[in-house]
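> Build me a model from this:
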Amino acid sequence: MATNSSVIGGIASRYAAALYELADEGKALDSVAGDLSALKSLIVESADLANLIRSPLIDRNDKAEAMNSVLKQAGSDDLTRRFIGIVARNNRLFALPAMIDAFLAELAERRGEITAQVASARTLSEEQLAKIAETLQTALGGRITLEQRVDPSLIGGLVVRVGSRMIDASLKSKLQRLQVAMKGAQ
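Numbering: from 1, shown residues only. Modelled structure (predicted):
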């Protein structure tokens, strides 16, 4: 029996592949990628928008109208608005975050980009992000795209994840390791 995440992943990859082809044909890859990245941020920041895309109680046409309004106000490309409208009318908005991730991953892969997630205790400056990207590019080769996330529980330092590799240089982890070492010394 298929799990829920594999079903969503399958739906997301098919829709993302279709959008990629349409955006590529229309020479709108960068525009659509920007729209989707902004929409992803909106979904994370707005509980109401997140509830809208997940709720089975809201009519699909109402969802399509609401999403069109949000995208129009955000200044999204016509292709992005039409695509999200189709997703809403097909009652697939619940998979939209996975579709966005799949589209952006496909775009990055075809461009030879490597995506690194950087978590820090506070927002990093452009200079700091550029230095991290430069260091990762030297170590890994290829173009690096950074996705920054703020996690105050880290106290200080960074956690960098590239694919399945993780570098944890956070103060939180160092303190935890010190605590474990001190317990072992007793």
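> What is the helix or strand where residue 52 lies packed up against?
Using DSSP states H and E, residue 52 falls within helix 47-54. When contacts are defined as 3 or more C-beta pairs under 8 Å, 6 or more residues apart in numbering; DSSP states H and E, helix 47-54 packs onto helix 29-45, helix 60-73. All C-beta atoms are positioned from the backbone trio N, CA, C, and that covers glycine.
> ok, residue 93 - contacts?
Residues in contact with residue 93, defined by C-beta atoms under 8 Å, 6 or more residues apart in numbering, are 52, 53, 54, 63, 67, 87.
> out of the residues you listed, which one sits closest to residue 155?
In terms of C-beta to C-beta, no member of these lies closer to residue 155 than residue 54, at 32.7 Å.
> Just give me the neighbour total for that closest one.
By other C-beta atoms under 10 Å, the residues close to residue 54 number 14.
> Next one: it relative to residue 158, how far apart?
32 Å (C-beta to C-beta, to the nearest Å).
> related to what we said a few turns ago, go ahead and produce PDB holding the CA coordinates of the helix holding residue 52.
Listed next in PDB are the C-alpha coordinates belonging to helix 47-54 (Å, rounded to 0.1, in the frame of the first residue of the first chain):
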ATOM      1  CA  ALA A  47      -1.400  30.200   8.700                       C
ATOM      2  CA  ASP A  48      -4.500  31.200   6.800                       C
ATOM      3  CA  LEU A  49      -3.000  30.500   3.400                       C
ATOM      4  CA  ALA A  50      -1.600  27.200   4.700                       C
ATOM      5  CA  ASN A  51      -5.000  26.200   6.000                       C
ATOM      6  CA  LEU A  52      -6.600  27.200   2.700                       C
ATOM      7  CA  ILE A  53      -4.500  24.900   0.600                       C
ATOM      8  CA  ARG A  54      -4.900  22.000   3.100                       C
END
